[in-house]
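Engineer: below is the sequence, then the predicted model.
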Amino acid sequence: MPETRTVAVPDIGEFQDVDVVELLVSPGDRIALEDPLITLESDKASMDVPSPFEGVVRELVVSVGDQVSEGDPICVLEVTEGAMAAPREARSSAPQAPRGNAELGDALRTEVLVLGAGPGGYTAAFRAADLGKQVVLVERYPALGGVCLNVGCIPSKALLHMAEVIEEAAAIREHGIDFGEPRIDLERVRARKDEVVGALTRGLASLAQQRRVRVLTGEGRFVGPHEIEVEGEDGTQRVRFEHAIVAAGSRAVELPGLPEDPRILDSTSALELEGVPERLLVVGGGIVGLEMATVYAAFGARVSVVELLDGLMVGADRDLVRPLQRRLKERLEAIWLATRVEAVEAREDALHVKLAGKGAPGSAAFDRVLVAVGRRPNGDRIGAEAAGLQLDERGFLTVDHQLRSNVAHIFAIGDVVGEPMLAHKATHEGKTAAEVIAGLPASFDARAIPSVAYTDPEVAWTGLTEEAAAQQGTAVRKAVFPWSASGRALGIGRPEGLTKLLFSEESGQLVGAGIVGPGAGDLIAEANLALEMGADALDLGMTIHPHPTLSETLGFAAELAAGTITDLLPPKKRA
């Protein structure tokens with residue numbers, strides 16, 4: 001005899017009041033076990049709710065636009081006897097191992113073990129699960145996302161956005177609008193930063209659960225070629241695996257000889273924003289150091305930057321860095337280049353720093369010192385030798401174009417395999433490694449990986465730089481469009497930027513690009529796509545860009561290279 005059952009929303013993690021965006025069945029439809037019933041959409045992802053029974057839909061209880069939570073009714077099914085399964089919510093009410101993961105004595109057994117749940121690690125784990133693999137994901141932080149989501153990329157960008165708004169509010173005074181001096185409530189600022197991080201990490205936890213990825217929290221170390229040991233708060237768990245993907249990331253480089261003092265910060269503690277010091281010294285003029293200098297200066301600190309090399313943000317072309325450096329000189333107390341920090345003495349009144357370099361004072365006192373001199377891979381912290389993994393002289397794991405290490409069943413991705421140490425590189429490498437393990441013909445062969453400094457102005461570049469082209473002896477044709485000729489840039493009061501494109505003299509194809517100005521990190525994506533597609537100046541110049549936008553500066557630069565520009569005088573033809 002048929003039996004009537006009410007189907008309810010299963011466990012969807014910590015989400016509440018999720019929107020119903022689509023109904024996938026109607027009354028009278030016959031459905032099979034696991035057929036999707038409705039689609040829900042949160043701020044992180046959309047998900048289909050599958051049927052836990054086979055039968056006929058008798059009534060829909062929800063409508064598009066409703067908001068539902070776990071346990072809310074979806075529909076009423078007439079279920080045929082013998083065609084019932086355990087309710088979906090009962091089978092997924094808590095995180096559990098994917099099908100196939102099993103206990104083996106004291107060890108858990110899985111097909112794919114991913115060590116590290118940063119952007120590369122969770123991407124690898126999720127892709128492997130989507131390809132039918134049983135996956136265990138090991139993460140040392142209590143929440144998924146690694147350094148990037150928890151204490152790096154995401155919280156820093158939340159703070160940089162606040163700094164940007166402060167600067168824009170100050171700049172608009174020149175245009176006749178005065179908001180007054182900003183009042184900064186650090187407690188609310190920290191709460192907002194944590195809210196952004198929490199939304200993303202909760203979303204990842206839900207996605208892991210829906211994919212049946214088993215998450216283990218703790219420090220993971222290899223104890224053999226096919227076994228890892230995870231030490232967490234609840235004890236030690238061993239995991240045996242067929243394949244592993246190492247996504248163990250990197251850590252901040254520490255300057256030797258510094259005293260143990262809470263007033264000496266690294267990028268992680270700087271993001272905690274416990275207070276705004278009166279005077280802050282940033283040691284390191286790279287991307288991280290300059291981003292943190294931007295935040296603290298906007299929040300009211302008197303910031304100085306000291307850099308050992310003779311330029312800021314080494315790796316980017318100097319014409320891209322100059323507009324940033326000019327703006328920083330207006331906002332920072334001092335920038336000392338080619339200067340070494342010789343000693344830091346912690347006294348009760350301040351941190352007294354001894355400096356050696358042209359133009360730098362012999363010593364100066366600061367309330368806080370932020371050390372941002374780079375990062376080093378965590379390859380030396382994973383028990384690599386127990387698995388037979390080889391590290392190079394800098395501590396990186398060596399891999400081939402498929403991200404396979406010297407141990408054939410162990411792959412490695414992200415910061416632990418080498419420069420550039422960027423989350424977006426790691427995510428693409430993670431997908432590649434997972435696909436190779438699943439038997440797909442995949443390899444990592446990106447033509448270019450963009451770099452972005454989220455300073456004010458932003459600086460972004462991809463592919464070959466002018467400096468690298470000169471060092472390699474590669475002949476390139478350069479086209480630079482100044483933002484002083486952009487209506488959009490003038491309208492927002494930011495004419496200091498520029499867009500530069502480099503084309504191969506031999507093939508005519510785009511081989512490099514650089515942009516400095518507001519939104520450069522978003523604009524560089526088009527150039528990166530053009531480079532990947534092998535576009536030339538005509539391809540980019542004949543692409544219709546919306547007007548007036550900053551994006552059309554890419555088209556104008558391409559027109560300069562092609563000799564078709566009308567918004568500027570065309571360049572003289574070379575003999």
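Structural biologist: Cool, got the structure. Numbers count the residues shown, from 1 in each chain.
Engineer: what bits of this structure have low per-residue confidence?
Structural biologist: Scanning the chain with the threshold set as pLDDT under 70 gives 1, 14, 43-46, 81-106, 574-575.
Engineer: just checking, what's the longest helix in it?
Structural biologist: The residue-count maximum for a helix in the chain (DSSP state H) belongs to helix 186-210.
Engineer: which strands or helices does it pack on?
Structural biologist: Under the contact definition 3 or more CB pairs under 8 Å, 6 or more residues apart in numbering; DSSP states H and E, helix 186-210 sits against helix 119-130, helix 146-151, helix 153-171. Placement of C-beta: from N, CA and C, glycine included.
Engineer: report the buried residues of whichever helix or strand comes after that helix.
Structural biologist: The element immediately downstream of helix 186-210 (helix or strand, assigned by DSSP states H and E) is strand 214-217. Counting neighbours by 16 or more other CB atoms under 10 Å, one finds that the buried residues in strand 214-217 are 214-217.
Engineer: make CSV out of the residues you listed and add distance to residue 128.
Structural biologist: As requested, the buried residues of strand 214-217 are arranged in CSV below (distance: CB to CB, whole Å):
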residue, distance to residue 128
214, 12
215, 14
216, 16
217, 19
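Engineer: any idea which of these is closest to residue 258?
Structural biologist: Within the set of the buried residues of strand 214-217, residue 217 lies nearest residue 258; the separation is 30.7 Å, counting by CB to CB.
Engineer: list the contacts for the closest one?
Structural biologist: Residue 217 makes contact with 138-142, 232-233, according to CB atoms under 8 Å, 6 or more residues apart in numbering.
Engineer: so what pairs up with it in the strands?
Structural biologist: According to DSSP bridges, the residues that bridge with residue 217 are residue 139.
Engineer: for the stretch 201-350 of the chain, just list every one of the strands.
Structural biologist: Listed in chain order, the strands of the stretch 201-350 of the chain (DSSP state E, counting those that start in this stretch) span 214-217, 219-224, 227-232, 235-246, 250-252, 264-265, 279-283, 302-306, 334-336, 339-346.
Engineer: deepest-packed of these, please.
Structural biologist: When neighbours are counted by mean count of other CB atoms under 10 Å, the highest per-stretch mean among those falls to strand 279-283, a mean of 25.
Engineer: relative to strand 302-306, how tilted is it?
Structural biologist: For strand 279-283 and strand 302-306, the angle between their directions (axes from the mean of the first three to the mean of the last three CA atoms, to 10 degrees) works out to 20 degrees.
Engineer: can you give me the angle strand 279-283 makes with strand 339-346?
Structural biologist: Using the same axes, to 10 degrees, strand 279-283 lies at 130 degrees relative to strand 339-346.
Engineer: hmm, who's touching strand 279-283?
Structural biologist: Judged by CB under 8 Å, 6+ apart, the contacts made with strand 279-283 from elsewhere in the structure are 255, 289-290, 292-293, 296, 301-306, 333, 341, 350-351, 353, 364-373.
Engineer: run the chain-centre distance for that strand.
Structural biologist: 25 Å (CA atoms, centre = their mean, to the nearest Å).
Engineer: which neighbours does that strand have in its sheet, and in what orientation?
Structural biologist: With DSSP bridges as the criterion, the sheet partners recorded for strand 279-283 are strand 302-306 (parallel), strand 368-371 (parallel).
Engineer: indicate which one of those is closest to residue 537.
Structural biologist: The minimum distance between residue 537 and the strands paired with strand 279-283 falls on strand 302-306, with 37.2 Å, by CB to CB.
Engineer: now residue 74, what's its secondary structure?
Structural biologist: strand (DSSP: H, G, I helix; E, B strand; the rest coil).
Engineer: to clarify, my last question referred to residue 528.
Structural biologist: Taken by three-state DSSP, the conformation at residue 528 corresponds to helix.
Engineer: need the strands paired with strand 279-283 in CSV with distance to residue 480, can you?
Structural biologist: Conversion of those to CSV gives the following (distance: least, CB to CB, whole Å):
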stretch, distance to residue 480
strand 302-306, 27
strand 368-371, 34
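Engineer: nearest to residue 118, of the ones you listed?
Structural biologist: Evaluated over the strands paired with strand 279-283, closeness to residue 118 peaks at strand 368-371, with 21.6 Å, by CB to CB.
Engineer: grab the most central residue of the chain for me.
Structural biologist: residue 423 (4.3 Å; CA atoms, centre = their mean).
Engineer: of all the strands paired with strand 279-283, which one is nearest residue 515?
Structural biologist: For the strands paired with strand 279-283, proximity to residue 515 was assessed by CB to CB; strand 302-306 is nearest, at 22.5 Å.
Engineer: who's in contact with that closest one?
Structural biologist: Taking contacts as CB under 8 Å, 6+ apart, the residues outside strand 302-306 that touch it are 278-285, 289-290, 293, 296-297, 312, 328, 331-336, 339, 341, 355, 357, 360, 364, 366.
Engineer: so which of the strands paired with strand 279-283 is nearest residue 526?
Structural biologist: Shortest distance between residue 526 and these, using CB to CB, is found for strand 302-306: 31.1 Å.
Engineer: thinking again about what came up before, check contacts around the residue nearest to the centre of the chain.
Structural biologist: For residue 423, the residues meeting the contact criterion (CB under 8 Å, 6+ apart) are 118-120, 148, 153, 414.
Engineer: show me which of those is closest to residue 437.
Structural biologist: Of all the contacts of residue 423, the one with the least separation from residue 437 (CB to CB) is residue 120, at 14.3 Å.
Engineer: give the contact list for the residue lying closest to that closest one once chain neighbours are set aside.
Structural biologist: Of all residues beyond its chain neighbours, the one nearest residue 120 is residue 426 (2.8 Å), with distances taken as CB to CB, 6 or more residues apart in numbering. Taking CB under 8 Å, 6+ apart as the criterion, residue 426 is in contact with 118-121, 123, 247, 413-415.
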